[in-house]
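coordinates for the following, if possible.
(chains A and B)
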Amino acid sequence: MASTIFRSLHSHPFLFHPTALIRRKYVILYCTMRSAQTQTATQEKVKPQVKVSPHSTQSKALEKASKDYEAVIGIETHVQLNTLTKAFCSCPYNYGSPPNTSVCPICMGLPGALPVLNLKVIESAVKVGLALNCKLSLNSKFDRKQYFYPDLPKGYQISQFDVPIATSGYIDLDLPLEFGGGHRKFGITRVHMEEDAGKLLHSEGGSYSQETAEVDLNRAGVPLLEIVSEPDMRNGIEAAEYAAELQRLVRYLGVSNGNMQEGSLRCDVNISVRPIGQLQFGTKVEIKNLNSFSSVSRAIDYEISRQVLLHSQGQDKEIVQETRLWEEGAQKTVTMRKKEGLADYRYFPEPDLPGVFLTTDYVDGIRNSLPELPETKRRRYEKMGLSMQDVLFLANDMNVAEFFDTTITKGADVKLATNWIMGDIAAYMKNEKLTINEIKLTPQELAELIASIKDGTISGKIGKEILFELLAKGGTVKGLIEAKDLVQIVDPAEIEKWVEKVLSENPKQLEQYRGGKTKLQGYFAGQVMKLSKGKANPGLLNKILLEKLNAKS
Amino acid sequence: MGSRALLLVKGVSSSSLPKNQLFCNFNCKSHFPRPNNNWVRTNCSTTQSSGPSLEPPDLPRLAQTARISLTPHEVEEFAPKIGLVIDWFGQLQDVDLQSVEPSIRADTEGDSFRADIPETFENREAMIAAVPNYEEPYIKVPKVLNKE
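Next up is the predicted model:
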């Protein structure tokens, strides 16, 4: 992790500057933590840190300058829908299928082929539109967006142009506490349906491959939702959290797996920087190739620093409207292409497809079937008295939230259930690389376990042992308690017997204790607990032990 | 463009679409390369009514947007022909459409959607065989660096 920071610093000793790097450091840590929950392998290889080079004076200048500027960030997100078939043909889509196997005349753009819209695409778009608090267009349509590129066999993309299916919404989210926390509301400009292009692979090496590229059309025609945000974000964290919330949302809705590594959720970020107080936006730069939340965050903070530096040196003319690529290895953005005027896509209404008409009944039906969304869930958990850290953890993954909710409906104490889930259960899942749906423990048994500890049937310590048994092998709390004879001993006479046995077997320690070394109480308690095979009620044990220890002194 | 427009004309006349659809489509494509935000109302139903008023297209640019190379000689040859087609469409400007609901395509009867049920296309081999440059498992294309 540290090496990542160092590398970017190292490669631009004179350009970049530590303030943002320091900020970025948190980002990396944070994203790593979060990614353990949602996805794997976002983090960089960790190498031993060499040494951080001393900061140049430039860095101080930049730090100072950054206070005078603000960044304006908007995000375009493409969400690949998890329909079984493509948008306009019945070809099955499975990520990772052998190239060019899932194709037909429609998605290969052969002449005369007629697209027919998959109803599930509309359903998904309506779900997302509603979940993003958008205004739905009951009467929208598809348009052709013309451009020539080999991954687009028809020469145009079927998209929605001037009448998107949903507009003017917003999304709520809570920033994690490690970034100062706080609630944010970001505007959603529009959501529209379109088709994905194929994959163009630029093969490396070989003289022949200099001349050609390779195309795989499996992905051509796969349905996407493009979600465009208002330019409401101001830094990398806000942008990364926005993307994370969209991921959560599409996963809750079940319309996409939201997996960034596979490209099921792709973010293109637009950034401009302007002097604070200026109303008009600065020159906008687009960044592509962001395939994790941490790269979204780091790329943005890098780009902000780059632009602020140029502004502060009076070189803001150097900031041009362009597309830059995030290079994960070098931890920097580089020019991909300059934009020379607006591309002329020559949109026109798609004549091969009927309009998209929604009835209010249809929309209401979908609205009524929506699951509880992340924001609603967080507010509900908050009202249950949970801390924001707990709330964010539980609501982050829909399945964890469902596990928690079920545990509560089975009567478990809210705070205790939270602690078990966030503590030992989460740790186990992480170690074993399992999701909550893969562990053998059921919410019913967790509730049972909590109840058994609460009513004194078993001790907390035994509870923990049983938990690991349940996680790994399943079974019931009652069954395990009986099978292993683990019921907590609350009979004072029995405990007293063990205490006396321990005291008589440890005369030396007893002498020391009575000589003033009262810390030894813990030692005795441990011995008694061991003798009881962990079954003695700890409160009772300590009470009786103290009485005995102090009795003859 | 010319041939495209002619195809469109044929298609329309044979399927007897409302006249304004033809107008709208062509209008959107040739005369307003930049899309209009109020497609329904302005593009189709506000008639620029005074006579044949469509400007002839800039042919070299038109060719470029279609990725077609034309020699100056060809430009000279095609320009009047395309001009004729445009003029023909221009006459449609005179039709009073104030009271006609805009339409962008043929109305289809009933359900024209599809359930999300996978079906594998059976004749994939023939399609792949028709690809000009195919090297298992990829379609080979000239290397392209810039999308725009």
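
low pLDDT regions in the chain?
I went with chain A, as the question did not name one. Applying pLDDT under 70 to chain A flags the ranges A:1-62, A:203-210, A:339-343, A:552-553.

chain B, not that one
Along chain B, segments meeting pLDDT under 70 span B:1-53, B:106-111, B:144-148.

show me the longest helix that occurs in it.
The helix that spans the most residues within chain B, counting by DSSP state H, is helix B:72-92.

quick one: is that one near chain A?
No: counting by C-beta under 8 Å from any C-beta of the partner chain, chain A is not contacted by helix B:72-92; separation bottoms out at 14.4 Å. C-beta: built from backbone N, CA, C; applies to glycine.

keeping just the C-alphas, turn that helix into PDB.
The C-alpha trace of helix B:72-92 is given here as PDB (Å, rounded to 0.1, in the frame of the first residue of the first chain):
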ATOM      1  CA  PRO B  72     -13.800  15.300 -56.600                       C
ATOM      2  CA  HIS B  73     -15.200  13.900 -59.800                       C
ATOM      3  CA  GLU B  74     -17.600  11.700 -57.900                       C
ATOM      4  CA  VAL B  75     -18.600  14.600 -55.800                       C
ATOM      5  CA  GLU B  76     -19.500  16.500 -58.900                       C
ATOM      6  CA  GLU B  77     -21.400  13.600 -60.300                       C
ATOM      7  CA  PHE B  78     -23.400  12.800 -57.100                       C
ATOM      8  CA  ALA B  79     -24.100  16.300 -55.900                       C
ATOM      9  CA  PRO B  80     -26.900  17.100 -58.400                       C
ATOM     10  CA  LYS B  81     -28.500  13.700 -57.900                       C
ATOM     11  CA  ILE B  82     -28.600  14.000 -54.200                       C
ATOM     12  CA  GLY B  83     -29.800  17.600 -54.700                       C
ATOM     13  CA  LEU B  84     -32.700  16.200 -56.600                       C
ATOM     14  CA  VAL B  85     -33.700  13.800 -53.800                       C
ATOM     15  CA  ILE B  86     -33.400  16.600 -51.300                       C
ATOM     16  CA  ASP B  87     -35.600  18.800 -53.400                       C
ATOM     17  CA  TRP B  88     -38.100  16.000 -53.600                       C
ATOM     18  CA  PHE B  89     -38.200  15.900 -49.800                       C
ATOM     19  CA  GLY B  90     -38.300  19.700 -49.800                       C
ATOM     20  CA  GLN B  91     -41.700  19.500 -51.500                       C
ATOM     21  CA  LEU B  92     -43.000  17.700 -48.500                       C
END
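
need the distance between the two termini of stretch A:77-94.
The first and final residues of stretch A:77-94 sit 21 Å from each other (C-alpha to C-alpha, to the nearest Å).

so which bits of that stretch are buried?
Neighbour-count burial for stretch A:77-94, with 16 or more other C-beta atoms under 10 Å in any protein chain shown as criterion, is recorded at A:77-83, A:85-93.

pull the distance from it to the chain's centre.
Counting by C-alpha atoms, centre = their mean, to the nearest Å, stretch A:77-94 is centred 23 Å from the centre of its parent chain.

wait, does it contact chain B?
Yes: judged by C-beta under 8 Å from any C-beta, stretch A:77-94 comes into contact with chain B at A:83-85, A:89-92.

could you pick out the longest strand of chain B?
Counting by DSSP state E, the longest strand found in chain B is strand B:138-142.

can you show me the strands along the stretch 201-350 of chain A?
A:212-216, A:223-229, A:265-275, A:285-290, A:322-327, A:332-338, A:348-349 (DSSP state E, counting those that start in this stretch).

pull out the buried residues from the longest one.
Residues of strand A:265-275 classed as buried by neighbour count (16+ other C-beta under 10 Å): A:265-274.

that one pairs with which strands, parallel or anti?
strand A:69-80 (antiparallel), strand A:285-290 (antiparallel) (DSSP bridges).

figure out which of those strands is closest to A:Gly314.
Closest to A:Gly314 of the strands paired with strand A:265-275, according to C-beta to C-beta: strand A:69-80, at 13.0 Å.

so the closest one versus strand A:223-229, what angle?
Interaxial angle of strand A:69-80 relative to strand A:223-229 (axes from the mean of the first three to the mean of the last three C-alpha atoms, to 10 degrees): 160 degrees.

got the CA positions of stretch B:119-126 in PDB?
Output in PDB follows, covering the C-alpha atoms of stretch B:119-126 (Å, rounded to 0.1, in the frame of the first residue of the first chain):
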ATOM      1  CA  GLU B 119     -31.900 -19.200 -27.500                       C
ATOM      2  CA  THR B 120     -28.700 -20.100 -29.300                       C
ATOM      3  CA  PHE B 121     -28.600 -19.100 -32.900                       C
ATOM      4  CA  GLU B 122     -28.100 -22.200 -34.900                       C
ATOM      5  CA  ASN B 123     -26.300 -21.100 -37.900                       C
ATOM      6  CA  ARG B 124     -23.300 -19.400 -36.300                       C
ATOM      7  CA  GLU B 125     -20.800 -21.200 -38.500                       C
ATOM      8  CA  ALA B 126     -22.200 -19.600 -41.600                       C
END
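
returning to what we had before: helices or strands next to the longest helix of chain B in the packing?
With contacts defined as 3 or more C-beta pairs under 8 Å, 6 or more residues apart in numbering or on different chains; DSSP states H and E, the secondary structure elements packing on helix B:72-92 are helix B:2-15, helix B:19-26, helix B:59-65.

just the buried positions in that helix, please.
For helix B:72-92, a neighbour-count test (16+ other C-beta under 10 Å) marks B:78-79, B:82-83, B:85-86, B:89-90, B:92 as buried.
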